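Asks: Got a predicted structure plus its sequence, pasted below:
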Amino acid sequence: MSCTHQKCVERGKTGGLEMLLYIKAITANATGEYNPDSKIFIVKKGSKVSDTISYSATFRGASAIEKNRAQYVKNGMVETDAVFKSPSTAANFVTGRSSNGLNAWRDENGVSLKELLKK
């Protein structure tokens, strides 16, 4: 699927058009770019990630979040663009818990990535 949404912007990093998306919560405030063609998701430098990581028997992604945050985050802020292979992995990184990226990431009007991809 190509990016036909009006809020797509042309970029060079992932070789095409990216959708500007956001996670805004009490504990996190992140900006991301998603390329529907390449399926690459970038959490942008300057994004704030949650202070905590969820550790539970049902969530096995905590160690991946720790690893990625050690690489990209200092004092709760993303220091350099962080590249992920899916919106959900990017959302997990930001929220510190299991997240459905298609629902968590939204455009500036609050429309979910899931709905945007249907257009």
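Replies: Alright, I've got the coordinates. All figures in this text were calculated on a predicted structure; none of them were measured in a lab.
Asks: need the longest strand for the chain.
Replies: Longest strand in the chain, counting residues (DSSP state E): strand 16-24.
Asks: And that strand, what does it pack against?
Replies: Strand 16-24 sits against strand 8-11, strand 29-35, helix 87-95, helix 113-118, with contacts defined as 3 or more Cβ pairs under 8 Å, 6 or more residues apart in numbering; DSSP states H and E. Just so you know, the C-beta spots here come from the backbone N, C-alpha and C atoms, and that holds for glycine as well.
Asks: Which of the ones you listed sits closest to Lys45?
Replies: Closest approach to Lys45 among these (Cβ to Cβ): strand 29-35, 9.1 Å.
Asks: helices and strands around that closest one, which ones?
Replies: Partner elements for strand 29-35 (3+ Cβ pairs under 8 Å, 6+ apart): strand 8-11, strand 16-24, strand 40-43, helix 87-95.
Asks: Can you check which of the ones you listed gets nearest to Val78?
Replies: strand 40-43 (5.7 Å).
Asks: residues of the very next helix or strand once past the closest one that come out buried?
Replies: Per DSSP states H and E, the first helix or strand lying C-terminal to strand 40-43 is helix 62-72. Within helix 62-72, the residues that qualify as buried are Ala62, Ile65, Asn68, Arg69, Tyr72, counting by 16 or more other Cβ atoms under 10 Å.
Asks: Throw those into JSON lines and include pLDDT and distance to Thr95, thanks.
Replies: Shown next, in JSON lines, are those (pLDDT from 0 to 100; distance: Cβ to Cβ, whole Å):
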{"residue": "Ala62", "pLDDT": "93", "distance to Thr95": "12"}
{"residue": "Ile65", "pLDDT": "96", "distance to Thr95": "9"}
{"residue": "Asn68", "pLDDT": "96", "distance to Thr95": "12"}
{"residue": "Arg69", "pLDDT": "97", "distance to Thr95": "12"}
{"residue": "Tyr72", "pLDDT": "97", "distance to Thr95": "15"}
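Asks: Among these, which one sits closest to Lys45?
Replies: Nearest to Lys45 among those is Tyr72, at 8.8 Å by Cβ to Cβ.
Asks: Chain neighbours aside, what residue packs nearest to that closest one?
Replies: With Cβ to Cβ, 6 or more residues apart in numbering as the measure, Ala82 is the residue that lies nearest to Tyr72, at 4.3 Å, once sequence neighbours are left out.
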